[in-house]
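J.: just coords:
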């Protein structure tokens, strides 16, 4: 187990595990990712499901449409060499 360096000693905390979120933060704050999230949120609001998606996600298809899909299937879809594939 990693040495706990901060005050937060919960087992799943980033200080307890030693995980560094700085790269994740910079990636998610990039204009491209912000636009991607905004597109998904706008579509969810349009469909009236924003904030109500407990087990469903909006998934991008190859032809650019968005369809409802089970969260586990949408998030688990990974292509070869770590490249994600669209439905």
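T.: Received, thanks. On a predicted model such as this, the values are computed, not experimentally measured, just so you know.
J.: Now do the closest residue to residue 57 other than its chain neighbours against residue 66, distance only.
T.: Spatial nearest neighbour of residue 57, chain neighbours left out: residue 74 (4.4 Å); criterion: CB to CB, 6 or more residues apart in numbering. (Glycine included, C-beta is placed from N, CA and C.) For residue 74, the distance to residue 66 equals 11 Å [CB to CB, to the nearest Å].
J.: Report the set of residues contacting both of these two.
T.: residue 59 (CB atoms under 8 Å, 6 or more residues apart in numbering).
J.: if we can go back for a sec, may I ask which helix or strand encompasses the residue nearest to residue 57?
T.: Assigned by DSSP states H and E, residue 74 falls within helix 71-76.
J.: for this protein, which spans come out with low pLDDT?
T.: 1-17, 79-87 (pLDDT under 70).
J.: Closest to the centroid, which residue in it?
T.: residue 75 (7.8 Å; CA atoms, centre = their mean).
J.: Ramachandran angles for residue 56?
T.: Main-chain dihedrals, residue 56, degrees, to the nearest 10: phi -120, psi 150.
J.: got the residue ranges for the strands in the protein?
T.: 56-60, 66-70 (DSSP state E).
J.: can you list the residues that contact the first one?
T.: Defining contact as CB under 8 Å, 6+ apart, one finds that strand 56-60 is touched by 40, 43-44, 49, 66-71, 74-75, 86-87.
J.: for the last one, same thing?
T.: Applying CB under 8 Å, 6+ apart, the contact partners of strand 66-70 are 40, 43, 49, 55-61, 87.
J.: In this protein, where's the longest helix?
T.: In the chain, assigned by DSSP state H, the helix with the most residues is helix 31-47.
J.: ok, and for that helix, which residues are buried?
T.: Buried residues in helix 31-47, counting neighbours by 16 or more other CB atoms under 10 Å, are found at 40, 44.
J.: chain center to that helix, what's the gap?
T.: 12 Å (CA atoms, centre = their mean, to the nearest Å).
J.: So which elements touch it?
T.: strand 56-60 (3 or more CB pairs under 8 Å, 6 or more residues apart in numbering; DSSP states H and E).
J.: and of the strands of the chain, who's closest to residue 28?
T.: strand 56-60 (16.9 Å; CB to CB).
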